[in-house]
Every structure is written in structure tokens, then in C-alpha cells.
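Engineer: What follows is a predicted structure for the sequence shown.
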Amino acid sequence: QVQVVESGGGLVQAGGSLRLSCAASGSFFSINTMGWYRQTPGKQRELVATITSSDSTNYADSVKGRFTIYRDNAKNTVYLQMNSLKPEDTAVYSCNARVLLVSTWSWRDYWGQGTQVTVSS
């Protein structure tokens, strides 16, 4: 069993900052890519940022220069530092972790429950 739990969402004024955290726990051998995605009502989930086990990062164009993704492998945790927030960043942010399961020795994606980020103008 694998759990992915996000924290750190909330309400912030435009121009402000928030940091999201996501911790993975359970029966896995290692974690490959971890990432943050977001979704607003009526729209498809979109990629925000991803980071590999070797710290290679990828960002959506809309957040480049404002958001930073980083991870602490010892804690199986990924963070998303969000600066210069805009109202259009308002969404439910979900974390994804690709883990190598001990039980099947295969890779599988797990998702957290999501955390709401609301940016007021």
C-alpha cells in the first residue's frame, strides 16, 4: 500500500507565495518522477512541474520563473514553492509519485487527494 499526501494549500493574495508539500509513504523500493498537477472546474488536469530522481525538472510555461519544484529523497517528499501568485493559478493541486512497488517489482503512479490553492485579486 502506498500513500501520497499533500499539504500547504490555502488562500493568498495575488503576488503572494505558498509552498506545497507532498510526502509518499508505504511499501515501495524507490521513487522515480514526482510531480505537481492542477485542475479547475470544467478543465482537464494540467502539468505544473515535475522532477526526476536525478533532479531534472520540467515546468509548464505559465509557471516558469515563478514556481520551483524540488525534492528531499531522504523524506520521499516533493515541494512546490509558488511565488508571484496570480488569480489564474487558483486550482486544486495534486501530487503524483511514480514508485517501484516491492510487491510486484513494477512501476506504478500514485496520486494524492489534492489541495486547494486560491489566489485572490
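Structural biologist: On my side now, so go ahead.
Engineer: Show me the strands in this structure, by range?
Structural biologist: Per DSSP state E, the chain carries strands over the ranges 2-7, 10-13, 18-26, 28-39, 46-51, 57-59, 67-72, 77-82, 91-101, 107-111, 115-120.
Engineer: got those as TSV, with mean pLDDT and mean neighbour count columns?
Structural biologist: Where C-beta positions appear, they are placed from N, C-alpha and C, glycine not excepted. Formatted as TSV, those follow (pLDDT from 0 to 100; neighbours: other C-beta atoms under 10 Å):
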stretch	mean pLDDT	mean neighbour count
strand 2-7	96	16
strand 10-13	98	13
strand 18-26	97	19
strand 28-39	97	19
strand 46-51	98	19
strand 57-59	98	15
strand 67-72	98	17
strand 77-82	98	22
strand 91-101	98	21
strand 107-111	97	14
strand 115-120	98	17
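Engineer: Quick check: closest non-adjacent residue to the residue nearest in space to the middle of the chain.
Structural biologist: A centroid search over the chain (C-alpha atoms, centre = their mean) returns W36, at 2.7 Å, as the residue closest to the centre. Spatial nearest neighbour of W36, chain neighbours left out: V48 (4.3 Å); criterion: C-beta to C-beta, 6 or more residues apart in numbering.
Engineer: can you pull the contacts of the nearest residue to V92 once chain neighbours are set aside?
Structural biologist: Take V92 and drop its neighbours on the chain: the residue closest to it by C-beta to C-beta, 6+ apart is G114, 4.4 Å away. Shown in contact with G114 (C-beta atoms under 8 Å, 6 or more residues apart in numbering): 6, 39, 92-94.
Engineer: Distance to A14 for those residues - can I get that in CSV?
Structural biologist: Output for the contacts of G114, formatted as CSV (distance: C-beta to C-beta, whole Å):
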residue, distance to A14
E6, 22
Q39, 20
V92, 19
Y93, 17
S94, 22
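Engineer: ok, these vs T68, which is closest?
Structural biologist: Each of the contacts of G114 was scored against T68 by C-beta to C-beta, and Y93 proved nearest at 14.2 Å.
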